[in-house]
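# My questions are about this predicted structure, shown below with the sequence.
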Amino acid sequence: MENLILANAELVRKVAHEQLGAPVQYDEDGVRWLDGYIDVLRDSASEEVKAKLPNTLGSFLGECIRQAYGGQWVKDPEDGWMVRITEDLSAHPFNKVAKHLASEDGESVLGFFTAIPPLLLFASNQKKGAGAIGKTGHRPWWKFW
C-alpha cells in the first residue's frame, strides 16, 4: 500500500506541473499550493470527484510531512494510514484533506502542516521536563509544598 501512496503523491506532482503549470515539491511551498488548490476544488469539483480526492491529495500532503519532518507511513488498525513522525506524534493527512474539502471554516492543510514544528517542540520540551521530576529543586506542577 505504501507504494500506492507514493505513486499517488507523484501523480499529484505530475498533474500540478504538466496540467496546471505548478512545479511543486514535497515542502511547505508544495503544501501552500495544495491549500489553494483544495479551496478551488471545494467550489468547483463534483461530489463524486471530491470523494476520490482525499486519497491522492492526502498522499501528497503526507509525503510533504514525511519529507519535511521525518517519520514513516504506518497503518493503524483503527485510524488507517498515517505518517508517524515520532512515537508521540502522528499526522493523518487523508482525514485533513477530506475535512478541508468539506469545509472552509478553519480547515487548512497548510495550517495543519505548519502546526507540526511547534508540536514537535512541545513534545520535546515535555520529555525534557519529565526527566526533571524528582530532581532536587524541581517539583511537579501539582505539588504546592
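Good, I have the coordinates.
# next one: stretch 102-114 to chain centre, how far?
The gap between where stretch 102-114 is centred and where its chain is centred comes out at 10 Å by CA atoms, centre = their mean, to the nearest Å.
# Could you do stretch 117-131 as well?
19 Å.
# So for it, what gets flagged as buried?
L120 (16 or more other CB atoms under 10 Å). Placement of C-beta: from N, CA and C, glycine included.
# Return the list of strands paired to the strand ranked longest in the chain, each annotated with direction.
Counting residues, the longest strand in the chain under DSSP state E turns out to be strand 80-86. For strand 80-86, sheet partners with direction are given as strand 72-76 (antiparallel), strand 89-91 (antiparallel), following DSSP bridges.
# so where's the chain uncertain?
Along the chain, segments meeting pLDDT under 70 span 104, 129-145.
# And the helices in it?
Assignment of helices within the chain using DSSP state H yields the ranges 2-18, 28-44, 47-69, 93-102, 109-114, 116-132.
# which parts of the second one are buried?
Which is helix 28-44. Within helix 28-44, the residues that qualify as buried by neighbour count (16+ other CB under 10 Å) are G30, V31, W33, L34, D35, Y37, I38, L41, R42.
# for the third one, same thing?
Neighbour-count burial for helix 47-69 flags 50, 53-54, 56-66, 68-69 (criterion: 16+ other CB under 10 Å).
# Packing partners of that helix?
Using 3 or more CB pairs under 8 Å, 6 or more residues apart in numbering; DSSP states H and E as the contact criterion, the neighbours of helix 47-69 among helices and strands are helix 2-18, helix 28-44, strand 72-76, strand 80-86, helix 93-102, helix 109-114, helix 116-132.
# repeat for the fourth one
Under the contact criterion of 3+ CB pairs under 8 Å, 6+ apart, helix 93-102 touches helix 28-44, helix 47-69, strand 80-86, helix 109-114.
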